[in-house]
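K.L.:
heads up, no residue letters with this:
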């Protein structure tokens, strides 16, 4: 009887483990995780996807709120240091309901004069898979294979960002 109970217990544990493994959702928040599918819609209707965030030195995906002071400072910083990010795709991705605030963000940051920087809204809720809910902006740095290398939240010096963007 003990052998039967032990066998049934082991079988139950094995099935529970297999079920749990099969139902695990892929996480995109851990270092080494791939960039999930993204679609960033600009004010003009242009859509940017993962292929637009592929660069030989890596890429930056910045989740932001257009009216957030820290986010505005990061936008200004990126624009003022554009030469340090040459060849690095950079995308600012706001929540889907914030499209009407992008004009304010452009006015405050001068990012319209940085054509290599994409600024738009998340059109497929990718931020739900990426955002750590710490503080804004959240800057995800991806390598040339679009694997997550580093995540920063809040104010970040330019040198800290460029350190992870390998030539």
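P.N.:
Received, thanks. Here the structure is a predicted model, which is why all the values come from computation and not from measurement.

K.L.:
so after the lowest-mean-pLDDT helix or strand in the chain, what's the next helix or strand?
P.N.:
Within the chain, confidence by mean pLDDT, DSSP states H and E is lowest for helix 2-22 among all helices and strands, at a mean of 41. Downstream of helix 2-22, the first helix or strand assigned by DSSP states H and E is strand 39-41.

K.L.:
for the following helix or strand past that next one, packing partners?
P.N.:
Proceeding N to C from strand 39-41, the next assigned helix or strand is strand 47-49, under DSSP H and E. Strand 47-49 sits against strand 39-41, with contacts defined as 3 or more C-beta pairs under 8 Å, 6 or more residues apart in numbering; DSSP states H and E. For every residue, glycine as well, the C-beta is placed using N, CA and C.

K.L.:
For the strand it packs on, give me every contacting residue.
P.N.:
47-49, 91, 93, 99, 118, 120-124, 126 (C-beta atoms under 8 Å, 6 or more residues apart in numbering).

K.L.:
Output these in TSV, with neighbour count and pLDDT appended to each entry.
P.N.:
Below are the contacts of strand 39-41 laid out as TSV (neighbours: other C-beta atoms under 10 Å; pLDDT from 0 to 100):
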residue	neighbour count	pLDDT
47	13	98
48	19	98
49	12	97
91	20	98
93	29	98
99	16	98
118	20	98
120	23	98
121	22	98
122	21	98
123	15	96
124	16	96
126	20	95
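
K.L.:
Would you format these as CSV with distance to residue 73 and secondary structure included?
P.N.:
Rendered in CSV, the data for the contacts of strand 39-41 read as follows (distance: C-beta to C-beta, whole Å; DSSP: H, G, I helix; E, B strand; the rest coil):
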residue, distance to residue 73, secondary structure
47, 27, strand
48, 23, strand
49, 28, strand
91, 18, strand
93, 17, strand
99, 21, helix
118, 19, strand
120, 19, strand
121, 20, strand
122, 21, strand
123, 26, coil
124, 28, coil
126, 24, coil
